[in-house]
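Engineer: okay, structure incoming, though there's no sequence with it:
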């Protein structure tokens with residue numbers, strides 16, 4: 001399928017609903033991902049504080065700015081916490097600190113992006129602990145972006161999947177290729193093989209359960225996208241067919257499929 005840069009279809013430009021996850025024990029806690037805007041990060045900090053735990057670690061799953069621009073606000077509220085990510089994810093994150101991407105974010109969310117943007121520290125180990133329970137970092141390569149990761153807590157059967165898994169949200173495939181989607185599908189199979197009891201996607205429809213079925217739903221969407229893309233005669237036809245296949249998924253926006261405008 002060839003053509004000019006696609007025109008915007010569907011809903012007005014916005015982001016999929018974003019998740020952050022608090023994993024806590026009797027005394028301590030780990031937060032996964034840190035939101036984007038000042039209001040989101042402040043609300044997240046308030047929610048964390050309600051749990052009355054010592055926040056030890058903030059783990060960032062990947063390099064998309066909607067998952068970590070709020071990090072500085074969290075660290076101000078919880079100065080004893082460390083913020084970490086993998087060295088590869090931190091390298092990928094540098095593009096989100098580059099002036100073009102920061103300008104784009106600030107133009108999309110005027111007055112809402114934190115003034116000071118903070119990066120996590122590189123963490124070079126595969127595990128860390130929370131009250132004696134191991135949390136495993138799973139490096140997953142390029143899913144919807146480069147150097148994505150998931151966090152697995154085997155003692156409770158939990159996977160916090162970042163953007164490796166979506167839950168009833170239209171998926172960002174604008175930074176993928178047919179080959180990278182094959183690798184993404186293989187990474188989903190890798191997560192499914194862990195037999196989790198709960199999977200928290202990086203983006204999910206509000207109210208959707210954190211079910212392991214989201215792994216297979218994500219895989220099916222990628223397979224359907226590859227199949228439909230081969231026969232669609234235009235970008236708009238591809239968009240419309242995928243919309244028809246997933247009528248109840250939220251965030252029906254063309255940039256998720258064709259790439260971010262202005263990026």
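Structural biologist: Everything's here; your move. No experiment lies behind these values; they were computed from the predicted model shown.
Engineer: list the buried ones in stretch 214-234?
Structural biologist: 214, 215, 217, 218, 219, 221, 222, 225, 228, 229, 232 (16 or more other CB atoms under 10 Å). For the C-beta atoms, the positions are set from N, CA and C on the backbone; glycine is no exception.
Engineer: quick one: average pLDDT of it?
Structural biologist: Average pLDDT, stretch 214-234: 96.
Engineer: swap in stretch 194-205?
Structural biologist: For stretch 194-205, mean pLDDT rounds to 98.
Engineer: what's the answer for stretch 35-51, then?
Structural biologist: Stretch 35-51 comes out at a mean pLDDT of 97.
Engineer: for it, which positions count as buried?
Structural biologist: Residues of stretch 35-51 classed as buried by neighbour count (16+ other CB under 10 Å): 35, 36, 37, 38, 40, 41, 42, 44, 45, 48.
Engineer: is it true that residue 218 touches residue 169?
Structural biologist: No - counting by CB atoms under 8 Å, residue 218 stays clear of residue 169, with 9.8 Å between them.
Engineer: common neighbours of these two, please.
Structural biologist: residue 201 (CB atoms under 8 Å, 6 or more residues apart in numbering).
Engineer: buried ones in the helix or strand that contains residue 76?
Structural biologist: Per DSSP states H and E: residue 76 is located in helix 71-77. Using 16+ other CB under 10 Å as the test for burial, helix 71-77 gives 71, 72, 73, 74, 75, 77.
Engineer: adding pLDDT, write these out as JSON lines.
Structural biologist: Below are the buried residues of helix 71-77 laid out as JSON lines (pLDDT from 0 to 100):
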{"residue": "71", "pLDDT": "98"}
{"residue": "72", "pLDDT": "98"}
{"residue": "73", "pLDDT": "98"}
{"residue": "74", "pLDDT": "98"}
{"residue": "75", "pLDDT": "99"}
{"residue": "77", "pLDDT": "98"}
